[in-house]
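J.: structure for this input, please:
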Amino acid sequence: MEGWTGYSCDRECTSGTFGLGCARICHCNIPGCDHVTGLCFNQSNGCKDGWKGPSCDTECSLGTFGQSCAARCHCRTPGCDHETGVCTHSLSVCDDGWTGSACNQECPFGTFGRLCSYECHCNNMGCDKVTGHCLNQQDACAEGWTGVSCDKECDLGFFGVSCLNVCHCLVPGCNPVSGVCNTSECERGWSGYACNISVQGEMEKDVSNGIIHEYGIISAICVGLLLVISVAVNVWMCVKRKRTRMSDNADNEPCYENVQHRQLSSPTTSQTCDATATPPGYEELQFRNATRKAYENVTYENSYDSVELRAGGNSTARL
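T.: Sure, this is the predicted structure:
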């Protein structure tokens, strides 16, 4: 009868055993299980390492181990101890990307491969723990490294990010990160702490900058001359237009026509009238283009046959 033992089957199974003839063992994390069914008295604490099931009497399946068989071992040759996780085969190592005595720990950041013995030098986000490929392929490798996994040091004569820069050292060889030559001299025609600056290129750059500077000065002078010429032309045109208007006004100056006059009664043969006084016999004078009501500088001769009138300007009419 399950849960009992003895000749008369009158004794309960001892602690940790259950079932028919008390032949089964329960591996509860906290000892104690039902002597008939084997159920652990404290189900919340689970089973001991390497066991699983309601009665904690089932060994972990291949590749798993630990408490309630929740851990997994990554042995290259499958199989590990169901309690400790140590690979069963003594010569077996962990799968690529895993490490630890039970091969259940991923490679640390920046390492990959078998036994996590390789380093990847990706700029950001690290690399795949198995292949070593950078997780962000858009980013270049860190300075001094190249390759898909950024695990290859720059070749001789190259340095910098993804080994894209060349150092021109007199004796080949430079630091793969900084580019500083292993010796202190550069090849002829090169300069800089990494011997990566072309002397000829710098000279051409200086010449180019000088030419650009000279062109800038010449352009500024030309613009200044154009401004001066423009101002001079505008002034000349203004003066010309003013003179033209003055000439037109002179041509259109009004003259006297058909001035009616009468004989003056003065006994004097010759007289000059005061321009500010009102002359005797004041009459309105008709002009060709204007009407004026003032006599200026009136002179009359010999029985008043001739009268010279000056009307405010230089125009003259004889009567």
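J.: list the contacts of the residue lying closest to residue 41 once chain neighbours are set aside.
T.: Of all residues not flanking residue 41 in the chain, residue 32 sits nearest, at 4.4 Å (Cβ to Cβ, 6 or more residues apart in numbering). From N, CA and C alone the C-beta is placed, and that goes for glycine too. Shown in contact with residue 32 (Cβ atoms under 8 Å, 6 or more residues apart in numbering): 15-16, 40-42.
J.: just residue 173 next, same as before
T.: With contact taken as Cβ under 8 Å, 6+ apart, residue 173 is in contact with 156-157, 181-183.
J.: neighbour-wise, give me the winner out of the contacts of residue 32.
T.: residue 40 (24 neighbours; other Cβ atoms under 10 Å).
J.: number of nearby residues for the residue nearest to that residue when sequence neighbours are not counted?
T.: Nearest non-adjacent residue to residue 40, counting by Cβ to Cβ, 6+ apart: residue 28, 3.6 Å away. Using other Cβ under 10 Å, the number of residues around residue 28 comes to 24.
J.: ok, residue 28 touching residue 42?
T.: Yes. Counting by Cβ atoms under 8 Å, residue 28 sits close enough to residue 42 to count as a contact (6.9 Å).
J.: if any of the contacts of residue 173 are buried, give me the ChimeraX selection for them.
T.: Remark: buried members of the contacts of residue 173, expressed as a ChimeraX selection using 16 or more other Cβ atoms under 10 Å:
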select :157,181
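J.: residue 97: neighbouring residues, count only.
T.: The burial count for residue 97: 21, using other Cβ under 10 Å.
J.: what residues are up against it?
T.: 74, 106-107, 112-113, 116, 128-130.
J.: how about those residues, which pair is most distant?
T.: The largest separation in the contacts of residue 97, counting by Cβ to Cβ, is between 74 and 128 at 14.8 Å.
J.: who's more crowded, those two?
T.: Remark: of residue 74 and residue 128, residue 74 carries more neighbours, 22 against 17, as counted by other Cβ under 10 Å.
J.: quick check, the more buried one in contact with residue 95.
T.: Yes. Contact status for residue 74 versus residue 95: in contact at 4.1 Å, counting by Cβ under 8 Å.
J.: which residues are common contacts for these two?
T.: Common neighbours of residue 74 and residue 95 are listed as residue 103 (criterion: Cβ under 8 Å, 6+ apart).
J.: re the thing from before, now the contacts of residue 32 in CSV, please, with extra columns for pLDDT.
T.: Conversion of the contacts of residue 32 to CSV gives the following (pLDDT from 0 to 100):
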residue, pLDDT
15, 82
16, 84
40, 87
41, 84
42, 80
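J.: residue ranges with poor pLDDT in the stretch 51-200 of the chain?
T.: 90-92 (pLDDT under 70).
J.: and the strands in it?
T.: 51-52, 58-59, 64-65, 71-72, 98-99, 105-106, 111-112, 118-119, 145-146, 152-153, 158-159, 165-166, 190-191, 197-198 (DSSP state E, counting those that start in this stretch).
J.: of all these, which one is nearest residue 24?
T.: Closest to residue 24 of the strands of the stretch 51-200 of the chain, according to Cβ to Cβ: strand 58-59, at 10.5 Å.
J.: that closest one: how far from the chain's middle?
T.: A distance of 62 Å separates the centroid of the chain from that of strand 58-59, by Cα atoms, centre = their mean, to the nearest Å.
J.: helices along this protein, start to end?
T.: 199-251 (DSSP state H).
J.: domain assignment for it?
T.: 1-59, 156-208, 271-318 (automatic domain parsing).
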